[in-house]
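K.L.:
No letters, just coordinates:
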């Protein structure tokens with residue numbers, strides 16, 4: 001049996017840790033890229049600054065995305081499920097999935113999981129299915145073995 005309350009806590013802690021690390025990287029990056037207005041600034045400096053600005057925006061977007069993931073996880077109901085729905089944990093073809101956010105692979109209680117969002121095409125195939133149902137996606141059959 002999978003303790004879904006502990007899983008939600010784990011996902012929240014993991015996302016919070018990712019946010020903290022990404023924010024720290026962003027701050028370090030910004031500190032290291034500040035142009036000193038008292039120095040002579042040539043075209044090369046300006047070109048590097050524009051590249052750095054693009055990278056800063058990418059890091060800033062990552063921070064924003066992870067904050068959004070955290071909000072989505074906190075809002076999910078992790079009560080027991082009878083169908084594939086947001087907050088459900090499912091066992092499909094001997095693999096575990098949690099319907100939450102697109103945060104990739106992780107290990108919980110000794111089991112390997114993949115976290116997928118409701119926007120994932122595979123979720124669209126499985127949405128609303130029950131234990132024992134099968135759906136076909138990319139020429140593969142996916143049998144829903146368990147729903148928690």
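P.N.:
The structure has been received and is ready for your questions. Being a predicted model, the structure only gives us computed values, none of them experimental.
K.L.:
Find the residue at the geometric middle of this protein.
P.N.:
Nearest to the mean C-alpha position of the chain, by CA atoms, centre = their mean, lies residue 103 at 2.3 Å.
K.L.:
For the lowest-mean-pLDDT helix or strand in the chain, what is the distance to the chain centroid?
P.N.:
Least confident helix or strand of the chain, by mean pLDDT, DSSP states H and E, is helix 43-75 with a mean of 82. On the basis of CA atoms, centre = their mean, to the nearest Å, helix 43-75 sits 16 Å off its chain's mean C-alpha point.
K.L.:
Would you map the helices across this protein?
P.N.:
Assigned by DSSP state H, the helices in the chain fall at 4-33, 43-75, 121-126.
K.L.:
Any chance of CSV for the ones you listed, columns distance to residue 96 and mean neighbour count?
P.N.:
(C-beta placed from N, C-alpha, C; glycine too.) Listed next are the helices of the chain as CSV, based on distance: least, CB to CB, whole Å; neighbours: other CB atoms under 10 Å:
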stretch, distance to residue 96, mean neighbour count
helix 4-33, 10, 15
helix 43-75, 16, 13
helix 121-126, 13, 16
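K.L.:
In TSV, list those helices along with distance to residue 145.
P.N.:
TSV is the format used below for these (distance: least, CB to CB, whole Å):
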stretch	distance to residue 145
helix 4-33	17
helix 43-75	24
helix 121-126	12
